[in-house]
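Asks: I need the structure of the sequence given here:
(chains A and B)
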Amino acid sequence: MKLSTEILILGGGATGLGAGWDAALRGFKTLVLEKGDLAHGTSGRYHGLLHSGGRYVIRDPQSASECAHENALLRKIMPSAIEDTGGYFAATPADPADYADQFAAACKTCHVPANEIPVTQALKREPLLNPNLSRVFEVQDAACDSFDALHLLAGAVKSAGGEVFLRHRVTEILKSGDRVVGVAGEALKTGEPFTIYADLILNCSGAWAGKVAEMAGCSVKVTPGKGVMIAMNSRLVNTVINRLKPPSDGDILVPVGTVSVIGTTDTAVPDPDKYAIEDWEVDLLMEEGEQLVPGFKEHRALRAWAGVRPLYDPGGADSRLMSRAHALLDHETRDGVPGLLSMVGGKFTTFRHMAQLLVDAACAKLNVERKCVTADTLIEPPGAKLHTLPNRLAALERPLDDPTTRPPDPVICECELVTRSQIESSLRESGSPILNDLRRDLRLGMGPCQAGFCAYRAAGIIREYFNDHSTTGPPDPLTNFQLLQFLQERWKGERPVMWGHSLRSLELDLHIYHNILGVQNLPTEREMEVYPTEKTS
Amino acid sequence: MVYDLLIIGAGLSGLFAGCLAARRGKQALILARGLGGTHVGTGTIDVLSELTSLDKRQTTLDHPYGLAGSHALLAALDELKTICAEAGYPLHGDLNANFRLPTAAGATRQTCLAPETMIAGDLSRPQPFTLADLPGFRDFNANFAIVNLQPSVNSYQLSVIGLPIPHAPTHRDAYATDLAHLFDRADYREQLIEVWRPLLTHAPKRIGLPAILGLDHAVEAKRHLDSALGIELFEIPVLPPSVPGMRLFDILRNDFQARGGRIIIGPTVSGRIENKRATVTADANGRKREYEAEAIILATGGFLHGGLTGEFGGAIRESVFNLPVAAPSTRADWTSEVFLGPHPFAKFGVQVNKQLQPIGKDGKPVASNLRAVGSLLAGADRLSEGSRQGIELATAYRAIELL
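Replies: Below is the predicted model of the structure:
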């Protein structure tokens, strides 16, 4: 495959898709390349917090102001991916007493709205919180489902005329003299090589930006900062709760969908593709959760996962101290390599702003003047609804009012209310037989049973969909492999929190898959692994 | 009243122990927090996937089979077969050879005893078969199963046939139990025969379907459909709830109660050991009652059924008496990186002596009137071995023998 485009974006996370959307809206012929699936990287592995900015007011005032601004803006242009939970900064007895006043003053300076409220008022709204809180500030945090956000963004890129290619891995950056002119790589689904020429390439690959820049012969020092998070099996709080203290491990609890997420740790890792969740990280997060919600450890932890922050700090500080700010690198002036811009650092909440800066710079490079319109353009299609179980339930129940028209549409994943027709339309749209892609698209297998019941059901639907109900021919090692790989991927995230009810749940899952279904005896072929093994998710 | 025997747990081992005791004229009480493992299993009796290695297991006291002794397994299987046959639900098979039965994913599973409703599925039989695809039923995928099964029967071509289930619930998804209630009714089966007959004209006569053939009248249902349609049906276990498992539960409970046994399901049971004697307290929503018994059998199962718990802090606990459980204190050492195992936690459990009495660190029994049986016992990876029900039955049998 050979293509050419005006703007080529490497990386399909929030920043890359945001830049793709922005560039397409400005009329550029735009293509976004992602080596995995949507939400495969850092954007899909964060705790789901749309920052009020409060977390950064003292150490990183510029980030704080940007967050506050973008937070208000995203609520207008992407409401269906954002739940307005509100947020608290709450001081527990373990937090430094003098921090509250500094915090209040800094919020003012940074224009981050924060109002102190009586502790009793906070406890009335969040009865599980530590009753010994000393001070509470209300801020404008929200919960953002990044899976939904990224799917909406990818849709927005396409409706603006751009294209998004998933599972396209870049292996080479093509140059003409010093100038970057395109990329070559492999379409992972088909194994087909591709070459894409572009007037300008935007490197939006986050924690992988250093690796991409290196292919162009430029040195960009991105420190992948691993952050571990744990999803608790219920909404222990309905408001985002931040600890009122300097940023540290386990200082935030975010209600997202049906779970609440406690995060995060922060450790620099050498390679964004190689990291593990350590026992001490899980223990620490659970202990910190105990400070916010007494009895936290008695609640069921559902799974743990990690994401890698794309930290960029030429000064090279400790990863917790490194700035969360973004930096735009012009490789022409910086390294004498024209044709390539990199956006490094930054955070999910400010993706639109980063995209704007990047495409502004692209306009300057291409000598055109086109105004950014993303601040005033809806990302989502009309009628988009916040993903909640009640919304899904309502959609399921509506046809029941008229029994004559109700087509049989079995609920395949009962925890997240995913139906057979949703799975079939996702398969139709993506053409991907990967169960994990269905998970990211539909939240299949993300609820309390962690795919114990739906993995078998969904694998059968995939088999039927891609084989057209044929019962002849050889056995189906691909579907078998997908099923086994999906179970293994779910297990990776469950294993770090294997105690209490999770251990019971494991024994049930083993009953089902090992004993009742005997999947360990199914034929699979390792060669079937045509897609790169996925990391802990 | 003071019972001769108090059993804690209503899974296969607890219920079977109760039946055996009642059949020997003992006054027994079963106390259980909830329903046991029967409802999530396959409804078959797995003794060992590799039956030929049974002797090895039975000669070592590290394994529950060794503690129970070979005679106990043999006698237990015989007595269970008698109980089930008397209830009109014969179990077939013996220790000479396992059945090779198909799973709902198209794998093969080995089991020692299987109910009459399943045995026609034995893959060792040379006749072609077809699998029934029941439209809308989520928990059995005939297409998925059939392609995987084809190589294990390479001498003939397998196929799938769509068979509608009239009157299945339409206001929600049907579970196996919903369909089983329909199949229990003779009048429903008559309707079904009319609908299915024309569809089966050209189909192979051997037909596999998910395990939904009825809860109370499964064998009757199978024989009715078989003879009216000229076919041979067989059931394949599916995702829980397990209809064949529930049949075993019902048969054992009915047998126990018919012989004067009493069963209370619901209360939280906690135990105490004083002066080497165990007593238990049942707490039903705050109403507490103490029970004493000449003998107590602990049959609370493993992690899934609450007999054992693994704690955040790294301790593994037996839930009723807090009996000692030897296990590593690092959580990461409980499980393996591979989901399908083997996992170290599978062998965790209560250590007992040859009398099946739980022992302390000194190797001596912690209480003179307490015995432990079934999946609670240490030393066997039931999943990898395929030995769960065999151990449950053999140890329950041995415990009753020792009374």
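Asks: rest of the way, CA atoms for contacts and neighbours
Replies: Fine.
Asks: any idea of the mean pLDDT in stretch B:214-229?
Replies: Across stretch B:214-229, pLDDT averages out at 98.
Asks: now A:Asn203, which residues is it bridged with?
Replies: With DSSP bridges as the criterion, A:Asn203 is bridged to A:Leu10, A:Ser342.
Asks: Same question for A:Asp330.
Replies: A:Leu341.
Asks: how close does it get to A:Ala362?
Replies: 10 Å (CA to CA, to the nearest Å).
Asks: Now for B:Leu74, how many residues are close by?
Replies: B:Leu74 is flanked by 16 other residues according to other CA atoms under 10 Å in any protein chain shown.
Asks: which residue sits closest to the residue in chain B that chain A sits nearest to, ignoring its sequence neighbours?
Replies: Proximity of chain B to chain A (CA to the nearest CA) peaks at B:Leu304, 4.2 Å away. Closest residue to B:Leu304 apart from its sequence neighbours, by CA to CA, 6 or more residues apart in numbering or on different chains: A:Arg504 at 4.2 Å.
Asks: Wait, the one you found touches B:His305, no?
Replies: Yes - contact criterion CA atoms under 8 Å: A:Arg504 and B:His305 qualify, at 7.5 Å.
Asks: Was I right to think the residue of chain B closest to chain A contacts A:Leu508?
Replies: Yes - between B:Leu304 and A:Leu508 there is a contact under CA under 8 Å: 6.3 Å.
Asks: Tell me what the nearest residue to A:Pro270 once chain neighbours are set aside is bridged to.
Replies: Spatial nearest neighbour of A:Pro270, excluding adjacent residues (CA to CA, 6+ apart): A:Pro224 at 6.8 Å. Legend: beta-bridge partners of A:Pro224 under DSSP bridges are A:Pro310.
Asks: residues contacting A:Pro224?
Replies: Contacts for A:Pro224 (CA atoms under 8 Å, 6 or more residues apart in numbering or on different chains) come out as A:Ala207, A:Ala268, A:Val269, A:Pro270, A:Asp271, A:Pro272, A:Val308, A:Arg309, A:Pro310, A:Leu311.
Asks: Could you check how far it is from chain B?
Replies: The gap separating A:Pro224 from chain B is 25 Å, by CA to the nearest CA, to the nearest Å.
Asks: Export stretch B:240-258 to CSV, keeping only CA atoms.
Replies: Taking Å, rounded to 0.1, in the frame of the first residue of the first chain, the C-alpha atoms of stretch B:240-258 are listed here in CSV:
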residue,chain,number,x,y,z
PRO,B,240,-23.8,-22.1,35.6
PRO,B,241,-26.4,-22.6,36.9
SER,B,242,-25.9,-26.3,36.3
VAL,B,243,-29.1,-28.2,35.7
PRO,B,244,-27.5,-31.6,36.1
GLY,B,245,-25.7,-30.4,39.3
MET,B,246,-29.0,-29.2,40.7
ARG,B,247,-30.5,-32.7,40.0
LEU,B,248,-27.8,-34.3,42.1
PHE,B,249,-28.5,-31.8,44.9
ASP,B,250,-32.2,-32.5,44.8
ILE,B,251,-31.8,-36.2,44.8
LEU,B,252,-29.4,-36.2,47.7
ARG,B,253,-31.4,-33.7,49.7
ASN,B,254,-34.6,-35.6,49.1
ASP,B,255,-33.0,-38.9,50.1
PHE,B,256,-31.6,-37.4,53.3
GLN,B,257,-34.8,-35.8,54.3
ALA,B,258,-36.9,-38.8,53.5
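Asks: Averaging pLDDT per element, find the lowest-scoring helix or strand in chain B.
Replies: Using mean pLDDT, DSSP states H and E, helix B:54-58 stands out as the lowest-scoring helix or strand of chain B, at a mean of 87.
Asks: What helices and strands are in contact with the next helix or strand after that helix?
Replies: As assigned by DSSP states H and E, the chain's next helix or strand after helix B:54-58 is helix B:64-68. Applying 3 or more CA pairs under 8 Å, 6 or more residues apart in numbering or on different chains; DSSP states H and E, we find helix B:64-68 packed against helix B:54-58, helix B:388-401.
Asks: could those be laid out in CSV, adding mean neighbour count and distance to A:Pro477?
Replies: What follows is the helices and strands packed on helix B:64-68, written out as CSV (neighbours: other CA atoms under 10 Å in any protein chain shown; distance: least, CA to CA, whole Å):
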stretch, mean neighbour count, distance to A:Pro477
helix B:54-58, 16, 33
helix B:388-401, 26, 29
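Asks: Please give the centre-to-centre distance between the helix or strand hosting A:Trp21 and its chain.
Replies: Using DSSP H and E, A:Trp21 sits within helix A:14-25. How far helix A:14-25 lies from its chain's middle: 16 Å, per CA atoms, centre = their mean, to the nearest Å.
Asks: Need the contact partners of it.
Replies: Residues contacting helix A:14-25 (CA under 8 Å, 6+ apart): A:7, A:9-11, A:29-32, A:43, A:150, A:153-154, A:156-158, A:160-162, A:203-205, A:348, A:351-352, A:354-356, A:358-359, A:372-374.
Asks: What is the neighbour count of the residue nearest to B:Leu304?
Replies: Count around A:Arg504 with other CA under 10 Å applied: 20.
Asks: which element is it on?
Replies: Applying DSSP H and E, one finds A:Arg504 within helix A:500-510.
Asks: Please report how far the spatially closest residue to A:Ser43 that is not a sequence neighbour lies from A:Lys221.
Replies: Setting aside the residues directly before and after it, A:Ser43 is nearest to A:Gly13 in space (CA to CA, 6+ apart), at 5.6 Å. To A:Lys221, A:Gly13 is 19 Å away according to CA to CA.
Asks: Distance from the chain centre to the helix or strand bottoming out on mean pLDDT in chain A, please.
Replies: Of all helical and strand segments in chain A, the minimum by mean pLDDT, DSSP H and E falls on helix A:389-397, at a mean of 83. Distance of helix A:389-397 from its chain centroid, counting by CA atoms, centre = their mean, is 24 Å.
Asks: That one vs chain B: in contact?
Replies: No - Helix A:389-397 lies out of reach of chain B by CA under 8 Å from any CA of the partner chain, never closer than 8.8 Å.
Asks: Now do the buried residues in that helix.
Replies: A:Arg392, A:Leu396 (16 or more other CA atoms under 10 Å in any protein chain shown).
Asks: Outside of it itself, which residues are in contact with it?
Replies: Against helix A:389-397 from outside (CA under 8 Å, 6+ apart): A:Gly257, A:Thr258, A:Lys385, A:Glu416, A:Leu417.
Asks: Spit out the contact partners of the third one.
Replies: Applying CA under 8 Å, 6+ apart, we find A:Lys385 in contact with A:Ser80, A:Ala81, A:Asn391.
Asks: one step back: which residues do A:Asp330 and A:Ala362 both contact?
Replies: By CA under 8 Å, 6+ apart, the residues touching both A:Asp330 and A:Ala362 are A:Leu341.
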